[in-house]
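K.L.:
mind looking at a prediction? Sequence and model below.
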Amino acid sequence: MPLFLLLIAGCFEVSWAFFAKQSCGFTKLTPTLLTFLFLALSTYFLGIAVKTLSLSTSYALWTAIGTIGTLLIGIFYFHEALSVGKIVSMVLIIIGIVGLEVCS
């Protein structure tokens with residue numbers, strides 16, 4: 001269950017980043033409000049997950065979901081370029097998370 005909550009927190013992490021972009025520097029009301037709502041929900045679910053999971057692994061996984069999720073949204077929704085460097089970076093993030101879990 002804590003990993004599921006962490007996944008939910010990561011999805012909210014991606015959501016608030018998406019709406020932060022849509023808010024145009026917090027000049028549009030609805031995306032701004034959604035940014036802060038999803039930010040609060042993301043932090044809330046992260047807080048619940050770290051009650052039972054290690055902080056280092058939880059935070060790394062949470063930020064990785066956010067990083068990879070926003071990268072994918074950037075590529076598929078905002079038509080940002082996908083490069084070999086971005087792919088290698090995503091793989092390194094995943095390797096780092098696995099490394100943190102193995103060393104825990």
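P.N.:
Perfect, I can see it now. In this text the structure is predicted, and so the values were computed from the model without any measurement.
K.L.:
burial measure for residue 25, as a count.
P.N.:
Counted with other C-beta atoms under 10 Å, the neighbours of residue 25 add up to 8. Quick note: C-beta positions are derived from backbone N, CA and C, even for glycine.
K.L.:
centroid-nearest residue for the chain?
P.N.:
Note on the chain: the residue nearest the mean C-alpha position is residue 66, at 1.4 Å, using C-alpha atoms, centre = their mean.
K.L.:
wouldn't that residue be in contact with residue 20 here?
P.N.:
No - counting by C-beta atoms under 8 Å, residue 66 stays clear of residue 20, with 11.5 Å between them.
K.L.:
what separation do you get for residue 91 and residue 67?
P.N.:
12 Å (C-beta to C-beta, to the nearest Å).
K.L.:
re the thing from before, now the residue nearest to the centre of the chain. Its backbone dihedrals?
P.N.:
phi -60, psi -40 (degrees, to the nearest 10).
K.L.:
can you tell me the closest non-neighbouring residue to residue 104?
P.N.:
The shortest distance from residue 104 to any non-neighbouring residue, by C-beta to C-beta, 6 or more residues apart in numbering, is to residue 54 (5.4 Å).
K.L.:
buried stuff in the worst-scoring helix or strand of the chain on mean pLDDT?
P.N.:
One helix or strand of the chain scores below all others by mean pLDDT, DSSP states H and E: helix 84-103, with a mean of 87. Residues of helix 84-103 classed as buried: 93, 97, 100 (neighbour count, 16 or more other C-beta atoms under 10 Å).
K.L.:
tell me who's in contact with the second one.
P.N.:
Think residue 97. For residue 97, the contacting residues are 57, 60, 61, 64, by C-beta atoms under 8 Å, 6 or more residues apart in numbering.
K.L.:
please repeat the previous calculation with a cut-off of 7 Å.
P.N.:
By C-beta atoms under 7 Å, 6 or more residues apart in numbering, the contact list for residue 97 reads 60, 61, 64.
K.L.:
just the last one next, same as before
P.N.:
Each residue near residue 100 by C-beta under 7 Å, 6+ apart is listed here: 56, 57, 60.
K.L.:
at 10 Å instead, please
P.N.:
The contact partners of residue 100, taken as C-beta atoms under 10 Å, 6 or more residues apart in numbering, are 54, 56, 57, 58, 59, 60, 61.
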